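Enquirer: coordinates only, sequence not included:
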């Protein structure tokens, strides 16, 4: 269920959903469709806050298991080749 934790110190938009200050657990699940992975974000009580399909970056030569990269005015949370946008 959980791959990691996202700790925020201000307002952050994840999957188009604004989340406030706090810590959130996240993980991936196999999904249907061309993306194949669903990103899920949970609060401390284990309740789902939001979910969305990931994008896949096939240009990465050797993907890291988990990293954040700045991309224009936002950031991307990468989980291997899959990513979701953080604003």
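Expert: Nice, thanks for sending it over. Computed from a predicted model, the values in this text were never measured in an experiment. Numbering: from 1, shown residues only.
Enquirer: drop to CA atoms for contacts and neighbour counts, all remaining ones
Expert: Will do.
Enquirer: which ones are touching residue 23?
Expert: Shown in contact with residue 23 (CA atoms under 8 Å, 6 or more residues apart in numbering): 5, 6, 7, 8, 43, 44.
Enquirer: Generate a PyMOL selection restricted to the buried subset of the residues you listed.
Expert: Only the buried members of the contacts of residue 23 enter the following PyMOL selection, criterion being 16 or more other CA atoms under 10 Å:
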select buried, resi 43
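Enquirer: ok, longest strand in this structure?
Expert: If each strand of the chain is counted by residues according to DSSP state E, the longest one is strand 22-30.
Enquirer: Whichever helix or strand comes after that strand pairs with which strands, parallel or anti?
Expert: Along the chain past strand 22-30, the next helix or strand (assigned with DSSP states H and E) turns out to be strand 37-42. Strand pairing for strand 37-42, determined by DSSP bridges: strand 22-30 (antiparallel), strand 48-53 (antiparallel).
Enquirer: average pLDDT across strand 37-42?
Expert: Averaged over strand 37-42, pLDDT sits at 95.
Enquirer: what does that strand contact?
Expert: Residues outside strand 37-42 that contact it (CA under 8 Å, 6+ apart) are 24-31, 48-54, 82, 84.
Enquirer: Generate a ChimeraX selection restricted to the buried entries among those residues.
Expert: Written as a ChimeraX command, the selection of buried residues from the contacts of strand 37-42, which uses 16+ other CA under 10 Å, is:
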select :24,25,26,27,28,49,50,51,52,53,54,82,84
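Enquirer: And the nearest residue to residue 25 once chain neighbours are set aside, what's its pLDDT?
Expert: Closest residue to residue 25 in three dimensions, ignoring its sequence neighbours and counting by CA to CA, 6 or more residues apart in numbering: residue 5, at 4.4 Å. At residue 5, the model reports a pLDDT of 95.
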